[in-house]
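Enquirer: coordinates only, sequence not included:
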DNA sequence: AGTGGTCGCTAAACTGATTTAGCAGAGCAT
DNA sequence: ATGCTCTGCTAAATCAGTTTAGCGACCACT
């Protein structure tokens, strides 16, 4: 890989100058008194030789590698991760940096290993990402340098990037209110564990709070709240079936995420009910399936790409230590309509 | 990041030996004549100081970085990518390597940039991955070192890892034959572009060939073949609706991927038809939605994780230059049944 | 004539590892 | 006593950059 590369010494020789001169010119050092002609000669020589500096040598001296560690619990393998990584990749490229990606799979041994591997490679900083928005403990080993938490917080007061689930909750509830839904709104996906333990989820609590606030402000209370042990289609399906067995049928359903909503669609379809004519549905995440469903599902998008980007920006450009909340845009789609009379 | 790390010189000093001795002991060099006691002292010193070698310094000398470049067109951001990356990550870790990930987004400028960034960092090899299984041209710049193509081939005779779509096609058709389907099997997802241009897709052609072979061997011909401009749910939906308008209703539908099958489910549901009692459905990819559908969708899984792993193995352990095909296991699920009489 | 300052540039040290070449001392044979 | 080999170890070079310290030439000023 990359044998025969021209070195700085080659460039200097060809330009008839010293390595020092060549180094200074190529790094655009201010305050050096090298002549315009010397500059020309160095640039020309570098160009002709196709010179590219050996970053290993450079970073040995400067302790900068232009490399960022992206350490995640398990995020890199889920479809949610794509956006986070792409955003981070883009922002890193703009700043001439590159991403070293590892995954701990939630395993302490792997984590230890991953972090050592990163530190051995002298990364300039660490982005520590979580799959589920949650609070976590940062391994002390990485605290020696810049760290940004992505989709997570900690008690160390580290800078972090989080989706604004609270505001998303309000947006979801408000969208229903705007369509005229009031007293027959059902909620699917309450979950004591997720709501109660910030180390498991911050999103559940924030979404719920946002929903309750917006409804409360309008003087509306939820018709029913269904608890689900997980946020998967099968749970949304079961909850919706149960919901339809109750005396009062809801005019709208809020699902805590799109997978639950997918399950809800299945149950509604089987029951012969039409979305949105009989029942409106709205949700969170903007999973790809949301747009594929018939009718397409209104939801609030997790802005993964922006979050990834923001994390890199915070890491390299510096930033406030208070949480950086990224807006979750509401995707208005076909699953919303005024309540049937 | 990682200031105050002990250096080899520190270890040597503490052990009362030279750097040379310390280096040799820690690298387990054979044929050195250092005493057992010297070994002890070096190990003890390294342990006590928490010594970890500076990889920048090491690689400057050895031209090895224990780092692999993972360059993809766009794969890192799709949910398909997760498995590829995870597999590669796992295999890399087992070999004490780490992954530098970049994405070209199909843009020549970005690709150029990404490759230079990798080569500047002296990666030991490159995994060049594509989102869609296809033939591509490898940028000459990376041919200076080991390269493995992942989910792609080229005309350079480079080692490559591909899913065995041909065999998957046979498996899919065979599964239907085993359930007793014969003369009423419909195929959704023919696509001239994908089938004709290996630079766009190898999978379409291979899947089709496999299906046709298995059916041909059984003396069966397809009832109908629907062409789709893309392999998205909406196209599967439209194709299925058209299919149901024809005089003879199929007893089974093969979809070229799960997203088409998702669309087919939607159309079948709307038409009041039951899967699998009225119509069996089988497909390719094992997208997460396949398991979420009701009834769950039989499909052949793209073994992303294994493929990623295989790519790293080929790269580091060396391997044959002929394509390495990875089996696509058949997931037998609820969408299969004997044809309704 | 001597002093000081600026200009344009370079030698050499330094980063932290690996690797080559070779040295001092012991043991043994001649 | 001399030469030889073997043992156990080390000095120094090397990788490819960055950075520090400073040198010689020229000019201006007193």
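Expert: On my side now, so go ahead. Predicted model only: the values in this text are computed from it and were never measured. Numbering: from 1, shown residues only, chains lettered A, B, ... in the order given.
Enquirer: Name the residue of the stretch 151-300 of chain A that lies nearest to DNA strand C.
Expert: residue A:158 (26.3 Å; CB to the nearest atom of the strand). To be clear about C-beta, it is placed using only N, CA and C from the backbone, and glycine gets the same treatment.
Enquirer: give the contact list for residue A:306.
Expert: A:87, A:326 (CB atoms under 8 Å, 6 or more residues apart in numbering or on different chains).
Enquirer: Near DNA strand C, which residues of chain A? Just list them.
Expert: By the rule CB under 7 Å from any atom of the strand, the part of chain A lying against DNA strand C is A:16-21, A:24, A:32-35, A:37-38, A:57, A:60-61.
Enquirer: and the two most separated of those residues?
Expert: Among those, the pair separated by the greatest distance (CB to CB) is A:37 and A:60, at 31.3 Å.
Enquirer: the more surrounded of these two?
Expert: residue A:60 (18 against 8; other CB atoms under 10 Å in any protein chain shown).
Enquirer: What sits closest to the more buried one if chain neighbours are left out?
Expert: Spatial nearest neighbour of residue A:60, excluding adjacent residues (CB to CB, 6 or more residues apart in numbering or on different chains): residue B:56 at 4.7 Å.
Enquirer: how about the one you found, what does it touch?
Expert: Contact analysis of residue B:56 by CB under 8 Å, 6+ apart lists A:56, A:59-60, A:65, A:121-122.
Enquirer: Narrow those to those in helices?
Expert: Taking DSSP state H, the ones among the contacts of residue B:56 that sit in helices are A:56, A:59-60.
Enquirer: The stretch 1-150 of chain A: helices as residue ranges?
Expert: A:8-15, A:19-26, A:36-49, A:55-62, A:81-94, A:108-120 (DSSP state H, counting those that start in this stretch).
Enquirer: what residue is smack in the middle of chain A?
Expert: By CA atoms, centre = their mean, chain A has its centre lying nearest to residue A:304, at 3.7 Å.
Enquirer: I figured that one was touching residue A:90, is that so?
Expert: No - counting by CB atoms under 8 Å, residue A:304 sits too far from residue A:90 to count as a contact (11.9 Å).
Enquirer: which strand residues sit across from the closest residue to residue A:150 other than its chain neighbours in the sheet?
Expert: Leaving aside its sequence neighbours, residue A:150 sits nearest to residue A:129 (CB to CB, 6+ apart; 3.9 Å). Bridge pairing for residue A:129 (DSSP bridges) gives the partners residue A:72, residue A:150.
Enquirer: and residue A:260, helix, strand or coil?
Expert: Under DSSP: H, G, I helix; E, B strand; the rest coil, residue A:260 falls in the helix class.
Enquirer: In contact with it, which residues?
Expert: Residues in contact with residue A:260 (CB under 8 Å, 6+ apart) are A:188-189, A:228, A:231-233, A:235-236, A:239, A:283.
Enquirer: between the residues you listed, which is nearest DNA strand D?
Expert: residue A:231 (50.1 Å).
Enquirer: Sticking with that closest one, tell me its helix or strand.
Expert: Of the helices and strands defined by DSSP states H and E, none includes residue A:231.
Enquirer: can you give me the helices in the stretch 151-300 of chain A?
Expert: Using DSSP H, counting those that start in this stretch, helices in the stretch 151-300 of chain A cover A:165-178, A:192-196, A:203-217, A:233-244, A:258-270, A:288-292.
Enquirer: I'd like the ones you listed laid out as TSV, including mean pLDDT.
Expert: Converted to TSV, the helices of the stretch 151-300 of chain A look like this (pLDDT from 0 to 100):
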stretch	mean pLDDT
helix A:165-178	98
helix A:192-196	95
helix A:203-217	97
helix A:233-244	97
helix A:258-270	97
helix A:288-292	94
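Enquirer: Need the winner for burial among those helices.
Expert: Most buried of the helices of the stretch 151-300 of chain A by mean neighbour count (mean count of other CB atoms under 10 Å in any protein chain shown) is helix A:258-270; its value is a mean of 25.
Enquirer: What is the neighbour count of residue A:185?
Expert: Counted with other CB under 10 Å, residue A:185 comes out at 24.
Enquirer: From residue A:57, how far out is it?
Expert: According to CB to CB, to the nearest Å, residue A:185 and residue A:57 sit 64 Å apart.
Enquirer: again with residue A:204
Expert: In this view, residue A:204 and residue A:57 are 50 Å apart by CB to CB.
Enquirer: now do residue A:42
Expert: For residue A:42 relative to residue A:57 (CB to CB), the value is 18 Å.
Enquirer: Quickly note the distance from residue A:62 to residue A:122.
Expert: 10 Å.
Enquirer: Report whether stretch A:313-321 contacts chain B.
Expert: No - counting by CB under 8 Å from any CB of the partner chain, chain B is not contacted by stretch A:313-321; separation bottoms out at 11.1 Å.
Enquirer: Any chance of the backbone angles for the closest residue to DNA strand D within the stretch 151-300 of chain A?
Expert: Here the stretch 151-300 of chain A gets closest to DNA strand D at one residue, residue A:159, 26.2 Å apart by CB to the nearest atom of the strand. The phi/psi pair for residue A:159 (degrees, to the nearest 10) reads phi -60, psi 140.
Enquirer: For it, give me its contacts.
Expert: Neighbours of residue A:159 in contact, by CB under 8 Å, 6+ apart: A:147-149, A:314-315, A:319-322, A:324.
Enquirer: Ranking by neighbours, what's the top pick from the residues you listed?
Expert: When neighbours are counted by other CB under 10 Å, residue A:315 leads these with 27 neighbours.
Enquirer: Can you report phi and psi for that residue?
Expert: Backbone torsions of residue A:315, given as degrees, to the nearest 10, read phi -70, psi -50.
Enquirer: so it makes contact with residue A:67?
Expert: No - using CB under 8 Å, residue A:315 is not in contact with residue A:67, being 11.6 Å away.
Enquirer: Quick one: name the residues of the stretch 101-250 of chain A near chain B.
Expert: Contacts of the stretch 101-250 of chain A with chain B, taken as CB under 8 Å from any CB, map to A:101-103, A:110, A:113-114, A:116-126, A:144-146, A:232-234, A:237.
Enquirer: Restrict those to the buried ones and give me that as a ChimeraX selection.
Expert: Buried members of those, defined by 16 or more other CB atoms under 10 Å in any protein chain shown, are picked up in ChimeraX with:
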select /A:101,102,103,110,114,117,118,119,120,121,122,123,124,125,126,145,146,232,233,234,237
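Enquirer: Now do the residue nearest to residue A:150 against residue B:185, distance only.
Expert: For residue A:129, the distance to residue B:185 equals 45 Å [CB to CB].
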